[in-house]
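Novice: here's a sequence, model it:
(one chain, ligands or ions: 2)
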Amino acid sequence: TLRALIFDVDGTLAETEEAHRLAFNETFAAASLGWHWTVADYRRLLATTGGKERMRRHRDDIGAREPCDETIADLHQRKTIRYADILHGGGLTLRPGVQDLVAAARDGGLKLAVATTTSRPNVDALCRACWGLLSDQVFDVVAAGDEVSAKKPAPDVFLLALERLGLAASEAIAFEDSLNGLRSAKAAGLRVIVTPSIYTCGEDFSAADRLLPDLAALPAPDLLRLWT
Ligand code: XBP
Ligand code: MG
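Specialist: Ligands and ions are numbered 1, 2, ... in the order given. Just a heads-up that it's a prediction; the model follows:
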């Protein structure tokens, strides 16, 4: 039987990537780094999951030796602070159907979890901006990218979420928006419902158990069947 829903954050709960991109670009400008990521750049760079990993990838792509990994870690901390400020400024909304599904799952006695590449402070910022709540008031379990050694598409973060839930993969469903996320959840043995987002809409989701434009398109009978 179904006992938990495990949600990806970026692109699945909300379209956050433009806020991430802005936070990166503001951080680069403040550091006079001379870097600026356009939408096209960012679409390509998103194949590398994780902000620090993405910055290192960009540095290597342009053949630069600087900033060093230590400076990148410092820049990324500044980026996280900017991201929280941007979300605090308002304007971010949950994707269609997310609020209702989360509320229905809670009413139905399901556990709710997060398995994300991003770090915990960014999950907190999103929950505050979209629910007006702390992340542990919305989710029973938060498994974040900075807590595992291998980020998506490795299964680690979904396995960590299952371990903290105390459940087997067969007792949960994962919700994802990207191919890296789908691969990660599938490698953890989970069933996966994919709702592509603005940056992932061209990816190959043939491995998904269900492919929907958004979670408002999850039919009510299916929704009930999910946990009966
Ligand atoms: C999201 C990401 C993250 C964010 C930035 O992937 O790849 O890197 O873009 O977050 P997913 P950080 O939705 O598959 O978890 O800068 O905090 O890493
Ligand atoms: Mg995502």
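Novice: so what's the residue sitting furthest away from the middle of the chain closest to, chain neighbours aside?
Specialist: Checked against the mean C-alpha position of the chain, the extreme residue using Cα atoms, centre = their mean is Arg65, at a distance of 29.3 Å. The shortest distance from Arg65 to any non-neighbouring residue, by Cβ to Cβ, 6 or more residues apart in numbering, is to Arg59 (7.9 Å). Every residue, glycine included, has its C-beta placed from N, CA and C.
Novice: list the contacts of the one you found.
Specialist: Contact criterion Cβ atoms under 8 Å, 6 or more residues apart in numbering gives 65-67, 72 as the residues in contact with Arg59.
Novice: what does Cys130 give?
Specialist: 13-14, 92-94 are the contacts of Cys130 under Cβ under 8 Å, 6+ apart.
Novice: phi and psi next, for it.
Specialist: Geometry field for Cys130 lists phi and psi as phi -100, psi -30, criterion degrees, to the nearest 10.
Novice: and the pLDDT for it?
Specialist: Reading off the confidence values, Cys130 has pLDDT 97.
Novice: how about Leu226?
Specialist: 83.
Novice: Ala4 is in contact with that one, correct?
Specialist: No - shown here, Leu226 and Ala4 do not form a contact pair, counting by Cβ atoms under 8 Å, at 10.8 Å.
Novice: helix or strand for Phe175, which one?
Specialist: Assigned by DSSP states H and E, Phe175 belongs to strand 172-176.
Novice: partner strands of that strand, parallel or antiparallel?
Specialist: Taking DSSP bridges as the criterion, strand 172-176 forms sheet pairs with strand 4-7 (parallel), strand 191-194 (parallel).
Novice: which stretches of the protein have low pLDDT?
Specialist: Per-residue confidence for the chain (pLDDT under 70) gives no ranges below the cut-off.
Novice: picking up where we left off before, list residues touching both of Leu226 and Ala4?
Specialist: With the criterion set as Cβ under 8 Å, 6+ apart, the overlap between the contacts of Leu226 and Ala4 is Ile173.
Novice: which one's more surrounded, those two?
Specialist: With neighbours defined as other Cβ atoms under 10 Å, Leu226 and Ala4 compare such that Ala4 has more, 21 against 18.
Novice: just the strands in the chain please.
Specialist: If DSSP state E is used as the criterion, the strands of the chain fall at 4-7, 111-115, 141-143, 172-176, 191-194, 210-211.
Novice: and the fourth one, C-alpha only, in CSV?
Specialist: Backbone C-alpha positions of strand 172-176 (Å, rounded to 0.1, in the frame of the first residue of the first chain) are rendered in CSV as follows:
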residue,chain,number,x,y,z
ALA,A,172,6.0,5.6,-2.0
ILE,A,173,5.5,7.5,-5.2
ALA,A,174,8.0,10.2,-6.4
PHE,A,175,7.1,13.4,-8.2
GLU,A,176,9.7,14.8,-10.5
